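[1] generate coordinates for the sequence data below:
(2 chains)
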Amino acid sequence: MATKIGVGESKKVEAFEAGKEAATLAMEKAGIKKCDFCLVFSTVGYNLNELIEGIREVTKDASLIGCSGEGIITQSGSNEEIYGVGVMVFQSDEIAFHCAMAENLKENSKEAGIKIGTKLLPFLTENPVGLLIFADCLTVNTNELFSGIESQFKKFVPFIGGTSFDNWQFKKTYQFFNDKVLTNSAVAALITGKIKLLIKVNHGCEPLGIERIVTKSQKNIIYEIDKKPAWEVFKEYVGEEEKDLSFGKLIAHLSFGLKVPSAISKTYDQYIIRTPMTLDEKTGAIGISAEIKENTPIQLVRRDEEKIKNGAFKVAKEIKEELKGKEILGVIHIDCAGRGKAALGNRVNEIVINPLQETIGKNIPWLGFHSGGEIAPIGNTNYFHNYTVVLGVLYKD
Amino acid sequence: MEKENIEHLKRQLEVADSQIKRLIRTERKLLNLEEKMQRVLKRYKALQEISNFILTTREIEKIFDFVCEKFVSEMEVEKAVILLKEGEFLGVKIAKGYQKEEAIKLKEKKFSLDFPVIKEIIERGFIILMPNERIDSAFEEEFKMSNVLGFAIYGEKKSLLGIFLIGISAQKLNIFPFLTKEDVVVFFPLVTQLGTSIELFRLLETMEEKVAKRTEELNKRVKELERFTKLTVGRELKLIELKKEIKRLKEELEKCKKS
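    Numbers count the residues shown, from 1 in each chain, chains lettered A, B, ... in the order given. So this is what the prediction gives:
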């Protein structure tokens, strides 16, 4: 019984060649000629159809899911350039990956969730490893997506993943499913079998100013806070020259925080982070990737370098201690784009990536991306997060 | 009393909140400034590497390849093209950031000096075309650029050597940051260095040609001299032998006379 995992990366500019190189390196690292499943993260400079063609030239008909991100993360660190692709290949007789996808998130995220849940239900085992899931950050309502999937599963399955992103343009993000490059979609892989998955979550934000109340909202759109247009409240903290959300990577600095139930706050943090993703300049309404009900207390938060650094180290130490004596097979790493170079400049590796990799292990296959949002459970509830790091460690007992 | 205290606390809270807002605004300004600085520093670092490469490389094609590769991979530019003047036309020497077939087709083409946009670059020395400006469709179709920064590459006495084009296609305008007037200043020294390199390589090529021609001529002369030497030395030796023969015959004749 064996599970072989390998990761390859390419920074080549030519899309097909980059895909082929990353996949070839991944297969070489895993020491395999054929793989069962393939996870792909890429930045948005490429012609993504050609990139996937290049990958599948090597991985052939193996199931493939993944998405675009602001950067990719491997053992060589974080690459937030316009050209970068990372591929993780799996060959195993211990675990299986069952894949599904659904389009039209903007129109109906719940329906998309139900579609994914229905497709995966026949493969659901008593103790599934978890569900890898990636969705479009600009169109998803994660509450609806999650409840759609969970309505079919009817039991707790840990979700780990994130929302796709571009390079801070907030224009179009992509999801990969086998040979297809999608947008406005969600892709997922249910992992079943004997391997285990440890998931850790941590954010690096501190509350700012006084608590406020969402006075008008609908689904994932905040229209008013304290009876003022949501953007007006945000603007109190920014200069007049910052006209929209992407200017100066505003949201890499400021976000919203929602209080979590007290049972969770003891082990996690007081707040769960919600980053503004869309702005209606006419009404000042701000869209986030999860639902928010009227009369919800809301707090502005700012990212804090010290908290990011300490948080990353804390998570790494916890993993190391909890998995003492166990064989770590690979790490899936989803880290907010707002914790990348937009916030930390050229110190991303020094502050976030290196402490994690040096503590958990420098030789472990490791693939991640800088996302628009992160998905991971806290306790036995799946949550959508922003400005957060999520680590999924695959291990053997 | 309690009411007064509450009012006092409220005022203090408002003051603290407004101070926080001011601090955050300042922090934002610093962060924006840091981001701009890092972008500029990154570009200068890449330019420094290009400059060093130019100084230490002896093949002009390798230099062109390195320059364009650096632009598309590290300087957030989608496409980079170098055209060189060949008589009354400009030929594409290298094109990066294009699909394979596009690059091959582009390299097969020759552009006249009055081709749209190229003509303006030659006249003005450089051009910056923003995406909202009207770009000649023939140029856009050939080079697939909607945001263009173009430089004329000059040699000695402002003689045109070629054109250096960088740009972003209409489809990728939402991915790459726009090229602006500020970039003209940043990239200008590189274009000057490129011009000097092209001239140096051409000079070197001419020198090498001259040296080869002169060497060939000298070799010819040496061969002629060798043949001449061979001939003259051969004749000299023959004369010596003949003289010896005459001397011997004379001695024999003397002997005969005596006897």
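
[2] count the residues that sit near residue B:144.
    Residue B:144 is flanked by 22 other residues according to other C-beta atoms under 10 Å in any protein chain shown. All C-beta spots, glycine's among them, are computed from the backbone N, C-alpha and C.

[3] over to the one 4 residues further on?
    Number of residues near residue B:148 (other C-beta under 10 Å) recorded here: 23.

[4] equivalent analysis for residue A:49, please.
    Residue A:49: 14 surrounding residues under other C-beta under 10 Å.

[5] surely it is within a helix?
    Yes: assessed with DSSP: H, G, I helix; E, B strand; the rest coil, residue A:49 lies in a helix.

[6] the longest strand belonging to chain A vs chain B: in contact?
    What stands out as the longest strand in chain A, according to DSSP state E, is strand A:205-218. Yes: under the criterion of C-beta under 8 Å from any C-beta of the partner chain, chain B is reached by strand A:205-218 at A:208-210.

[7] take those and lay them out in CSV including pLDDT.
    CSV is the format used below for the residues of strand A:205-218 next to chain B (pLDDT from 0 to 100):
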residue, pLDDT
A:208, 88
A:209, 84
A:210, 86
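
[8] quick check on the residues you listed: which are buried?
    A:208-209 (16 or more other C-beta atoms under 10 Å in any protein chain shown).

[9] turn the residues of strand A:205-218 next to chain B into TSV, including distance to residue A:12.
    Below are the residues of strand A:205-218 next to chain B laid out as TSV (distance: C-beta to C-beta, whole Å):
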residue	distance to residue A:12
A:208	42
A:209	46
A:210	50
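
[10] what is the longest strand of chain A packed up against?
    In terms of contacts (3 or more C-beta pairs under 8 Å, 6 or more residues apart in numbering or on different chains; DSSP states H and E), strand A:205-218 is packed against strand A:221-225, strand A:254-259, strand A:271-274, strand A:297-303, helix B:2-56.

[11] of all these, which one comes closest to residue A:283?
    strand A:221-225 (6.8 Å; C-beta to C-beta).

[12] wait, doesn't residue B:150 sit right on residue B:126?
    Yes: at 6.3 Å, residue B:150 and residue B:126 qualify as touching, with contact defined as C-beta atoms under 8 Å.

[13] who has more neighbours, the two?
    Set residue B:150 next to residue B:126 and count neighbours by other C-beta under 10 Å: residue B:150 wins out with 27 against 17.

[14] ok, back up a step: need the helices and strands packed on strand A:205-218 in JSON lines (columns: mean neighbour count and distance to residue A:55).
    JSON lines is the format used below for the helices and strands packed on strand A:205-218 (neighbours: other C-beta atoms under 10 Å in any protein chain shown; distance: least, C-beta to C-beta, whole Å):
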{"stretch": "strand A:221-225", "mean neighbour count": "21", "distance to residue A:55": "36"}
{"stretch": "strand A:254-259", "mean neighbour count": "23", "distance to residue A:55": "33"}
{"stretch": "strand A:271-274", "mean neighbour count": "24", "distance to residue A:55": "32"}
{"stretch": "strand A:297-303", "mean neighbour count": "21", "distance to residue A:55": "33"}
{"stretch": "helix B:2-56", "mean neighbour count": "13", "distance to residue A:55": "28"}
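
[15] I'd like to know which of those is closest to residue A:50.
    helix B:2-56 (25.4 Å).

[16] residue contacts, the residue lying closest to residue B:163 once chain neighbours are set aside?
    Take residue B:163 and drop its neighbours on the chain: the residue closest to it by C-beta to C-beta, 6 or more residues apart in numbering or on different chains is residue B:83, 4.5 Å away. When the contact criterion is C-beta atoms under 8 Å, 6 or more residues apart in numbering or on different chains, the partners of residue B:83 are B:90-93, B:111, B:118, B:162-165.

[17] turn those residues into JSON lines, including neighbour count.
    Converted to JSON lines, the contacts of residue B:83 look like this (neighbours: other C-beta atoms under 10 Å in any protein chain shown):
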{"residue": "B:90", "neighbour count": "22"}
{"residue": "B:91", "neighbour count": "16"}
{"residue": "B:92", "neighbour count": "22"}
{"residue": "B:93", "neighbour count": "18"}
{"residue": "B:111", "neighbour count": "21"}
{"residue": "B:118", "neighbour count": "23"}
{"residue": "B:162", "neighbour count": "24"}
{"residue": "B:163", "neighbour count": "26"}
{"residue": "B:164", "neighbour count": "24"}
{"residue": "B:165", "neighbour count": "24"}
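
[18] in contact with the nearest residue to residue A:176 once chain neighbours are set aside, which residues?
    Excluding the flanking residues, the one nearest residue A:176 by C-beta to C-beta, 6+ apart is residue A:66, at 4.2 Å. Residue A:66 is in contact with A:38-42, A:134, A:175-176, A:187, counting by C-beta under 8 Å, 6+ apart.

[19] check which helix or strand residue A:66 maps to.
    strand A:63-68 (DSSP states H and E).

[20] related to what we said a few turns ago, confidence score at the residue nearest to residue B:163?
    We note a pLDDT of 96 for residue B:83 in this prediction.

[21] which element is it on?
    strand B:79-86.

[22] do the same with residue A:181
    strand A:180-182.

[23] can you get me a residue count around residue 154?
    Reading this off chain A. The burial count for residue A:154: 10, using other C-beta under 10 Å.

[24] my question was about chain B
    20.

[25] let me see the contact set for it.
    Contacts of residue B:154 by C-beta under 8 Å, 6+ apart are B:125, B:160-161, B:192, B:195.

[26] redo that, cut-off 10 Å
    B:122, B:125, B:160-162, B:191-192, B:194-196, B:198-199 (C-beta atoms under 10 Å, 6 or more residues apart in numbering or on different chains).

[27] filter those down to just the ones in strands.
    Per DSSP E, strands hold the following members of the contacts of residue B:154: B:160-162.
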